[in-house]
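**Q** what follows is a predicted structure for the sequence shown.
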Amino acid sequence: MEIVILIVLGLILVLILLLGYRLVRFILKNRIYTQIALLLGIVALIAIVINQVFFQKMEFIPSRVYPDLFLIKNPVKDRNKLNTALTQFVLDHKKKKLAGASDSTGSAINTEYSLRFYRYTKSWGINLFADAGTAYFIENEEDLGGFVVEELSMYSTEKLADFRVNLCANNTESYCGELTFYEDGAVSKTEVLDTITSDQAIDSVKNE
């Protein structure tokens, strides 16, 4: 069945390329058509550049199936600015989670709080077996054994950062937050954010 689908898709691709080739030949035969096509191409290029520079803003898109997962759409190119934006997002998110959260006994709560950040990617092609992009995980859980295999580990190069809070190793009355940044799938640097005391205990986002 898979072979049949691949053959059909191959034939469709050949047909599209053939039609494109004939269209290009038709345009080049007429000087006016060539000038019009060139002008439209320049206008389209200018429109794309203007859209990229002035209208595309960085977005934090939450996954609807994984509460700790956020996809970054249109991330800024400057890595320092991106890391600063990620840090600020974590601090704001943490502050929101801490609002009103406390342990009635006043003791430390053994819960975990984590956030994961990946670059938003989406494949516009037809993906028979995998590689639909990280956008897949906005609406879908990881599929490890189905016809189409999709798991986050496939997109390790798109990972930007993760944040985890656990009880501090040297102080069981406090929590320690560690924000790790990634570039091309490897750890680039790690920052330890402010310590969280036990009366600010964090409820796990996974229990929402």
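**A** Great, that's in hand.
**Q** got the confidence number for Phe129?
**A** pLDDT, Phe129: 54.
**Q** ok, now the one 5 residues further on?
**A** In the predicted model, Thr134 carries a pLDDT score of 93.
**Q** what's near enough to touch it?
**A** Counting by Cβ atoms under 8 Å, 6 or more residues apart in numbering, Thr134 touches 71, 118-122, 152, 155, 158. Where you see a C-beta, it was placed from the backbone N, CA and C, and this is true even at glycine.
**Q** secondary structure element for Leu11, which one?
**A** helix 2-29 (DSSP states H and E).
**Q** also compute the angle for the helix or strand following that helix relative to helix 2-29, please.
**A** Sequence-wise, the next helix or strand downstream of helix 2-29 (DSSP H and E) is helix 31-50. For helix 31-50 against helix 2-29, the angle by axes from the mean of the first three to the mean of the last three Cα atoms, to 10 degrees is 120 degrees.
**Q** for helix 31-50, packing partners?
**A** Helices and strands touching helix 31-50, by 3 or more Cβ pairs under 8 Å, 6 or more residues apart in numbering; DSSP states H and E, are helix 2-29.
**Q** give the buried residues for the helix it packs on.
**A** By 16 or more other Cβ atoms under 10 Å, the buried positions in helix 2-29 come out as Ile27.
**Q** how near is Asn80 to Phe181?
**A** 10 Å (Cβ to Cβ, to the nearest Å).
**Q** the two: who's more crowded?
**A** Set side by side, Asn80 and Phe181 show unequal neighbour counts under other Cβ atoms under 10 Å, the larger going to Phe181 at 19 against 8.
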